[in-house]
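Undergrad: Everything below, folded, please.
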Amino acid sequence: MDTMFWQQEDSEKTFQVPDDVVDVLFAMDCRRLPVDHAYALSRAIKNALPWLEEEDGVGIHPLHKAGSQNRRELPEHGTDSHLIVSRRTKLTIRVRKERMEALRRDLQGVTLDVAGCPMTVREGRVRPLSKETTVFSRFVAARPDRDEGAFLAGVADELRSMGIQVRKALCGKSTPLSTPAGPLYTRSLLLADLSPEESVRLQRSGLGPHRDMGCGIFIPHKGVDPVRKGG
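TA: Residues are numbered from 1 along each chain as shown. Down below sits the predicted model:
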């Protein structure tokens with residue numbers, strides 16, 4: 001029998017996720033939402049909680065899992081198409097730890113008007129950020145005149161300035177988000193083989209502007225197939 005000594009540092013097990021930034025997941029009652037609801041949801045939440053306007057880095061997660069549609073294809077992206085909202089769907093907001101209790105207190109029980117669709121917010125629970133090393137953002141703000149290669153090059157530059165090395169990156173489809181000032185162009189982005197520290201750093205800071213509309217918010221992701229298919 002061969003004798004072997006193999007030592008490998010497992011940083012994923014030893015790394016402790018800081019709790020200065022957390023996700024608050026709210027149960028909610030909502031029958032349907034516009035497919036393109038990012039601006040309307042942001043505006044509704046800020047109307048209910050004016051103090052959020054002054055908070056840096058607050059992230060309102062996109063409700064991309066809202067439409068079960070009874071296994072049918074999801075409707076076309078736009079403000080005139082609607083998703084049927086699953087009861088399991090959570091309204092998730094990323095916020096600094098010192099503001100999470102105010103967020104839970106002030107938002108619970110409020111009925112939001114999201115582009116004419118009522119959404120009643122229920123109790124919120126706190127979830128720490130993930131140390132998964134593959135993360136995904138459905139929307140990252142992008143310039144409409146740049147192709148995928150230019151977009152990825154810009155992303156790599158910005159991540160390097162944050163001390164994050166790009167090892168594997170996959171750019172997905174382009175999606176315009178409607179705003180009163182005109183469409184906000186975005187692309188989906190998957191990053192893999194980050195270190196746990198890099199993953200958490202990215203989740204804490206986000207990437208690019210418009211975090212209140214769900215842009216640049218990264219969540220743990222399993223595999224790349226949904227991204228390759230344009231999800």
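Undergrad: Next SSE downstream of the top helix by length along the chain?
TA: Criterion DSSP state H: the longest helix present in the chain is helix 148-161. Sequence-wise, the next helix or strand downstream of helix 148-161 (DSSP states H and E) is strand 168-177.
Undergrad: ok, residue 22 to residue 106 distance?
TA: According to C-beta to C-beta, to the nearest Å, residue 22 and residue 106 sit 16 Å apart. Every residue, glycine included, has its C-beta placed from N, CA and C.
Undergrad: Give the buried residues for the longest helix of the chain.
TA: Of the residues in helix 148-161, 151-152, 155, 159 count as buried by neighbour count, 16 or more other C-beta atoms under 10 Å.
Undergrad: What does residue 116 show for phi and psi?
TA: Main-chain torsions, residue 116, degrees, to the nearest 10: phi 90, psi 0.
Undergrad: number of nearby residues for it?
TA: As a burial measure, residue 116 scores 9 neighbours (other C-beta atoms under 10 Å).
Undergrad: What of residue 179?
TA: 16.
Undergrad: Can you classify the residue nearest to it when sequence neighbours are not counted by secondary structure?
TA: Excluding the flanking residues, the one nearest residue 179 by C-beta to C-beta, 6 or more residues apart in numbering is residue 39, at 4.8 Å. Secondary structure, DSSP: H, G, I helix; E, B strand; the rest coil: residue 39 is helix.
Undergrad: if we can go back for a sec, got the buried residues of helix 148-161 as TSV, with distance to residue 187 and pLDDT columns?
TA: Shown next, in TSV, are the buried residues of helix 148-161 (distance: C-beta to C-beta, whole Å; pLDDT from 0 to 100):
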residue	distance to residue 187	pLDDT
151	6	96
152	9	96
155	9	96
159	15	97
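Undergrad: still on that earlier bit, for the residue nearest to residue 179, give me its contacts.
TA: Residues near residue 39 by C-beta atoms under 8 Å, 6 or more residues apart in numbering: 177-180, 213.
Undergrad: Which one (most neighbours) among these?
TA: Counting neighbours by other C-beta under 10 Å, residue 213 comes out on top of the contacts of residue 39 with 24 neighbours.
Undergrad: can you tell me how far that residue sits from residue 130?
TA: Distance check for residue 213 against residue 130: by C-beta to C-beta, it reads 22 Å.
Undergrad: Please tell me I have it right and residue 31 contacts residue 117.
TA: Yes - Residue 31 is within contact range of residue 117, at 7.4 Å (criterion: C-beta atoms under 8 Å).
Undergrad: Between these two, which is the more surrounded one?
TA: Neighbour comparison, residue 31 and residue 117: the larger count goes to residue 117, with 19 against 12 (by other C-beta under 10 Å).
Undergrad: in the sheet, who's paired with that one?
TA: residue 114 (DSSP bridges).
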